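Participant: Return atomic coordinates for the entry below.
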Amino acid sequence: MDHLTPEGEAIYETITQASEVAHLRHQKELDALIVKIVGSAVEAAVSRSVGAVVDKAVEAAMETVVNDLQAYTNGAEAELLKQIQDLRIAKGTSFRTREMEGCERSPKGPPDAGVTGLRASTQVRGT
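Facilitator: Reported below is the predicted structural model:
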């Protein structure tokens, strides 16, 4: 640098300053790009893991709801069957499975031909 002319020194200083400014600008852009890329990678990783956790939680909650509903309907069905049996006993028309096997379907019966629309075989034959 000692053997540069004043014009050469001015050009050298201008180029050096421009280079430093460009270097700082590129460094800032690079830093921003790195932060953006790392941030995106972290965000994607968090989204995937949070999504998986949420999916598992929703699945567990749905399974619990389904199990609860199944238990409720099973209990309600058992209660209804008990009430039906109690009503049959109270009316004196207790039906057993063996008695139901001896029944035939009657398309011509009255609309209130019993709970299942069946008449005993003897009633069908006698009419």
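
Participant: do you know how far residue 50 is from residue 62?
Facilitator: 18 Å (Cβ to Cβ, to the nearest Å). In this view, the C-beta of every residue, glycine as well, is placed from N, C-alpha and C.

Participant: ditto for residue 28
Facilitator: Counting by Cβ to Cβ - residue 28 and residue 62 are separated by 49 Å.

Participant: for residue 4, same thing?
Facilitator: 79 Å.

Participant: can you give me the mean pLDDT across stretch 39-47?
Facilitator: For stretch 39-47, mean pLDDT is 83.

Participant: now swap in stretch 21-34 and tell me
Facilitator: Averaged over stretch 21-34, pLDDT sits at 91.

Participant: next one: it to chain centre, how far?
Facilitator: The chain centre lies 45 Å from the centre of stretch 21-34; the measure is Cα atoms, centre = their mean, to the nearest Å.

Participant: now stretch 82-95
Facilitator: Distance, centroid of stretch 82-95 to centroid of chain: 43 Å (Cα atoms, centre = their mean).

Participant: likewise stretch 40-49?
Facilitator: From the chain centre to the centre of stretch 40-49 is a distance of 21 Å (Cα atoms, centre = their mean).

Participant: With stretch 32-47 instead?
Facilitator: Centroid separation for stretch 32-47 versus its chain: 28 Å, with Cα atoms, centre = their mean.

Participant: For the protein, which segments count as strands?
Facilitator: Here the chain has its strands, by DSSP state E, at 103-105, 118-120.
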